[in-house]
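*Asks:* Kindly return the folded structure for what I paste below:
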Amino acid sequence: MATFSLPSFLVLEFTSMTGHHDIVHLMSRWCSSLLSELNSYPRYRIVSFGDATPPCLTPTSIKWLPKFSYQIAEIILNVLKISPNDDQSSIGLQIRDSIVTNLASNTFFLQNSDFKFEYFKNLYSLLVSTSMSIEKQHLAKLIFMLHLSKSDIDDRDEWSNLLQLFDSINFEELKEFEFADIIHGLFKQLKVNESITNLIEESVKEITAQNLLGFQLEEFLKNKLSLNLFNCEIVGLRGFAGIDSIYVNSVDLSSFFDKLSKPSIHRDTALGILKLEFIRIYIHEVTHVVVRKCLNDLNVSTPTIESKAKNINEAGVNSEEKLFGKRISWLSSVNYKFFNVKYCLEFLDDLLKGEKVEFDLDKSKCVENTNRIFSMAIDYEKPSFAQLEI
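*Replies:* A predicted model of the protein is given here:
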């Protein structure tokens, strides 16, 4: 048994005598003066007791309410397993618990207990609003936070930005996305593309070290996998893996296309590069979806999978490299003077025709994306100043 501490901004997870888990939102039940005390008290232990009524906490001691009896227990903080086959309501509740657990054991927060509570207000509001029912938009935010909670991001500003802006994920005003029909049509093509499907299956088997996925991938992709286009204010967020679905940021795709819209680049060429970028996002996120479905766990993390094949730190990137040879930055490639756009567009046409093609990285003169990977099922890249100015 071991004692674990949570940063002061987190809610406690209480475990009843029957083993039932419930997130008790301390901030909504305790007086405002207690909030200031919590912010000044960097650590407290996880407690286990038989009644869900929260205790009164002070910086120096735990004072129990007199009419209840409780038991302080040292417990092991386990990563919770979440089956994607459960009903949405059950999955949502499990995700809520897992977000708290993951954040509590995240190395960054264990080492930075002075992280400001104000940055967690949107997460707290999400936990409160999903205590009874979970709508589509809520589920998307919960899934995003589930992935983010396991990230190895080690920058305080990065965490602050993501924790504050994830709440901007929404499915409204998508009618303004001019490429919606093109992207949906391409998504349907990719779902039935044999070469892409075989590549993803090979990648997942390599990652999981399993000879069988446990389900027919072709049937799953064709009949069950769905695409959720969303809007979001997080610059550099391309998409993330969902439950039998992928989420793709329409704002980022629009921004991507705008950066290609130069007098020297024909619109058809720009659309072709946009399609290549979406294909990259598709294989990246679908790989994450299939890994989690294969292992029957939404809360799994690639670096923790004991692959017998090799050490793979990022499932999606593993598939990207199988298709393109390297992790490609299409924006940087377009701006490279030796970029072979003609070859890349021919490859795109042949791939979408269903032909068995192999990407020639040397011939393409594509630029490798060497930016840091954050080990999560989110396709996110903090934009550099140069990228913003493209």
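*Asks:* how about low-confidence regions in the stretch 101-250 of the chain?
*Replies:* 173-175 (pLDDT under 70).
*Asks:* per the record, what domains does the protein have?
*Replies:* 5-63, 88-168, 174-389 (automatic domain parsing).
*Asks:* can I get these in CSV with distance to residue 79 and mean neighbour count?
*Replies:* For every residue, glycine as well, the C-beta is placed using N, CA and C. Shown next, in CSV, are these (distance: least, CB to CB, whole Å; neighbours: other CB atoms under 10 Å):
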stretch, distance to residue 79, mean neighbour count
domain 5-63, 13, 15
domain 88-168, 7, 18
domain 174-389, 6, 18
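*Asks:* okay if I get these as TSV plus distance to residue 81?
*Replies:* Formatted as TSV, the domains of the chain follow (distance: least, CB to CB, whole Å):
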stretch	distance to residue 81
domain 5-63	13
domain 88-168	9
domain 174-389	5
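*Asks:* can you give me the strands in this protein?
*Replies:* Secondary structure of the chain by DSSP state E: the strands cover 5-6, 12-15, 21-24, 44-45, 56-57, 62-63, 226-230, 237-241, 245-249, 378-380.
*Asks:* tell me the average confidence for the third one?
*Replies:* What it means is strand 21-24. What strand 21-24 shows for mean pLDDT is 33.
*Asks:* again, but for the fifth one
*Replies:* Per-residue pLDDT values across strand 56-57 average out to 36.
*Asks:* change the start of the numbering to 855 and stick with it
*Replies:* With 855 as the first residue, the last one maps to strand 910-911.
*Asks:* separation between residue 1018 and residue 1012?
*Replies:* 11 Å (CB to CB, to the nearest Å).
*Asks:* Equivalent analysis for residue 958, please.
*Replies:* Taken as CB to CB, the span from residue 958 to residue 1012 is 19 Å.
*Asks:* Check residue 1077 too.
*Replies:* Taking CB to CB, one finds residue 1077 at 38 Å from residue 1012.
*Asks:* in this protein, which helix has the most residues?
*Replies:* helix 1121-1148 (DSSP state H).
*Asks:* what angle separates that one from strand 1080-1084?
*Replies:* 120 degrees (axes from the mean of the first three to the mean of the last three CA atoms, to 10 degrees).
*Asks:* Run the angle between helix 1121-1148 and strand 1099-1103 for me.
*Replies:* Going by the same axes, to 10 degrees, helix 1121-1148 makes 140 degrees with strand 1099-1103.
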